[in-house]
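Asks: Sequence and predicted structure, then a few things I'm wondering about:
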Amino acid sequence: MHRHSWLVLLGIAVLGFFIAILADHDPSSLIFADSTSTLWAWGDNDKDTLGDGTSNTTSTPIQIGSATNWSAISAGWRLTVALRSEGTLWAWGSNNDGQIGSGSTEGEILTPAQEATGATNWSTISAGDQHTVALKSDGTLWAWGDDNETSPTQESTGSTNWFAVAAGIGHTVALKSGGTQPTPTPIPTVSSWGLAALAAALLAMSAILLRLTSGRRPAARP
């Protein structure tokens, strides 16, 4: 057989081997994700917005606490709000207007403190100037602070189709769905049996190419 034909066959066989291996794996196992999520902060700490238990400003990132399940964070003006993976909401920094949500207006909160209701279904957060807004997984919208409410209070309409919210300096904006949110279109993927079929096809092509090239001889030189 011609030397180039062997190289082609070898390349196809190797490709088919690796595709066959991938076919036996769960697609999710091909994606690596860190199982922990720690919280870090740096900068001005005049109102204890870093959450490290001090009022010291730092230009170097420092870890806040020892929790490893933080999932979202929002930095406001002298206020920081964060979510943990179990759906709890935490805040720290200035609390003169009740924006921490602890049920009081006690000075500054030096380290992450859980909001007063202890809810476990928070999904979205936004820290403003002197108030905080957040969404729950049931589509309800809640707000507190600005010297009005010192713990999470549901907005007056009682709607359950909010899906985005943002806090400004002294105002809040949010988005509602038009009744029900559209069902996401699945992203096409190649299943394990599809990969296995592809590997088999490549091996079959290798056999055909081998048969077609086995009888060929290099052309005689004049």
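Replies: Cool, the structure landed.

Asks: Pull out the buried residues from stretch 98-108.
Replies: In terms of neighbour count (16 or more other Cβ atoms under 10 Å), stretch 98-108 has its buried residues at 98, 99, 100, 101, 102, 108. (Each C-beta comes from the backbone N, C-alpha and C, glycine too.)

Asks: For that stretch, give me every contacting residue.
Replies: 47-48, 55, 76, 79, 89, 91-97, 109, 113, 115-116, 127-128, 130-132, 144-152 (Cβ atoms under 8 Å, 6 or more residues apart in numbering).

Asks: Quick check: ChimeraX command selecting the buried ones in these.
Replies: Filtering those down to the buried ones (16+ other Cβ under 10 Å) takes a single ChimeraX command:
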select :47,48,76,79,89,91,92,93,94,95,97,109,113,115,116,127,128,130,131,132,144,145,146,149,150,151,152
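
Asks: Sitting in strands, which of the contacts of stretch 98-108 do you find?
Replies: 79, 89, 91-94, 109, 113, 127, 131-132, 144-145, 149-152 (DSSP state E).

Asks: so residue 125 sits in a strand?
Replies: Yes. Applying DSSP: H, G, I helix; E, B strand; the rest coil, one finds residue 125 inside a strand.

Asks: Bridged to it, which residues?
Replies: Beta-bridge pairing for residue 125 (DSSP bridges): residue 134.

Asks: tally of neighbours for it?
Replies: Residues lying near residue 125 (other Cβ atoms under 10 Å) number 22.

Asks: try the one 4 residues further on
Replies: The burial count assigned to residue 129 is 18, neighbours taken as other Cβ under 10 Å.

Asks: go on, the one 4 residues further on?
Replies: Look at residue 133: counted by other Cβ under 10 Å, it has 26 neighbours.

Asks: I'd like the average pLDDT over the one helix or strand residue 81 maps to.
Replies: Using DSSP states H and E, residue 81 sits within strand 79-84. Averaging pLDDT along strand 79-84 gives 96.

Asks: Also stretch 62-76?
Replies: Confidence for stretch 62-76, expressed as mean pLDDT, is 94.

Asks: How far does it stretch from one end to the other?
Replies: End-to-end distance of stretch 62-76: 19 Å, with Cα to Cα, to the nearest Å as the criterion.

Asks: Buried residues in that stretch, which are they?
Replies: So stretch 62-76, judged by 16+ other Cβ under 10 Å, has buried residues 64, 67, 70, 72, 73, 74, 76.

Asks: In TSV: these, plus secondary structure.
Replies: TSV is the format used below for the buried residues of stretch 62-76 (three-state DSSP):
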residue	secondary structure
64	coil
67	coil
70	strand
72	strand
73	strand
74	strand
76	coil
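
Asks: Any stretches of the protein with poor pLDDT?
Replies: Low-confidence segments of the chain (pLDDT under 70): 1-35, 179-222.

Asks: just so I have it, where are all the helices in this structure?
Replies: 3-23, 192-213 (DSSP state H).

Asks: ok, so of the buried residues of stretch 98-108, who is nearest residue 173?
Replies: The nearest member of these to residue 173, counting by Cβ to Cβ, is residue 99 at 17.4 Å.

Asks: residues in contact with the closest residue to that closest one other than its chain neighbours?
Replies: Nearest residue to residue 99, sequence neighbours excluded (Cβ to Cβ, 6 or more residues apart in numbering): residue 145, at 3.2 Å. Contact analysis of residue 145 by Cβ under 8 Å, 6+ apart lists 97, 98, 99, 100, 101, 128, 130, 131, 132.

Asks: Thank you kindly, that will do.
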